[in-house]
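Chemist: Provided below are the primary sequence and the corresponding predicted coordinates.
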Amino acid sequence: MPGPGVLRTRVDPRRFDVVMANLVGNALRHGAAPVRLTMEREERADGAWAVVKVSDNGPGITEEAMPHIFERFYKAGASRTRSESSGLGLAITAENVRLHQGRISAANLPGGGAEFTVELPLRRDSPDTDDEAAGGPR
């Protein structure tokens, strides 16, 4: 997606704060510090994406739980959970990502732990678009 202009994604700061707080909070709850957070830009056939990954070093997600991890009120087995959970955090997180036309996924890491990936679409502003017209830097 080369060309002039700036690549941006627009987010609702409150909703995105919830996304990050839930993912980092879960990573800390299910593993030990440090939590790994990476951010990068990917350009693919389906467009440009801002990609945020949150990884923990806990026990990972069971095969049984993986298809349900973003469902409301779903709680993974005791091996992954150290504290009481409402079963809503990842469902709310996924809904907030979808409201931004984004995608969210979960995977187990080869050496143990889980990784959650959030992808948000990037749009190219025209070179003469200023921050105010673009809704400010977000």
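Modeler: Okay, I see it.
Chemist: from now on I want contacts and neighbour counts done on CA atoms only, so please keep to that.
Modeler: Fine.
Chemist: hey, what's residue 55 bridged with?
Modeler: Residues in a beta bridge with residue 55, per DSSP bridges, are residue 36, residue 115.
Chemist: did I read that right, residue 90 in a helix?
Modeler: Yes - remark: residue 90 belongs to a helix, assigned using DSSP: H, G, I helix; E, B strand; the rest coil.
Chemist: ok, the closest residue to it other than its chain neighbours - contacts?
Modeler: Among residues not flanking residue 90 along the chain, residue 70 sits closest, at 5.2 Å (C-alpha to C-alpha, 6 or more residues apart in numbering). Neighbouring residues of residue 70 by C-alpha atoms under 8 Å, 6 or more residues apart in numbering: 90, 91, 94.
Chemist: do the same with residue 117
Modeler: Counted by C-alpha under 8 Å, 6+ apart, residue 117 has contacts 51, 52, 53, 54, 104, 105, 106.
Chemist: what of residue 24?
Modeler: 35, 54.
Chemist: buried residues, whichever strand or helix holds it. List them.
Modeler: Using DSSP states H and E, residue 24 sits within helix 13-30. By neighbour count on 16 or more other C-alpha atoms under 10 Å, the buried set for helix 13-30 is 15, 18, 19, 20, 22, 23, 24, 26, 27, 28, 29, 30.
Chemist: the most centrally placed residue in the chain in helix, strand or coil?
Modeler: Closest to where the C-alpha atoms of the chain average out (C-alpha atoms, centre = their mean) is residue 118, at 3.0 Å. What three-state DSSP gives for residue 118 is strand.
Chemist: now it: how far from residue 95?
Modeler: 12 Å (C-alpha to C-alpha, to the nearest Å).
Chemist: what do you get for residue 60?
Modeler: Distance from residue 60 to residue 95, by C-alpha to C-alpha: 22 Å.
Chemist: dump the residue contacts of the spatially closest residue to residue 38 that is not a sequence neighbour.
Modeler: Spatial nearest neighbour of residue 38, chain neighbours left out: residue 53 (5.2 Å); criterion: C-alpha to C-alpha, 6+ apart. By C-alpha under 8 Å, 6+ apart, the contact set of residue 53 is 36, 37, 38, 39, 115, 116, 117, 118.
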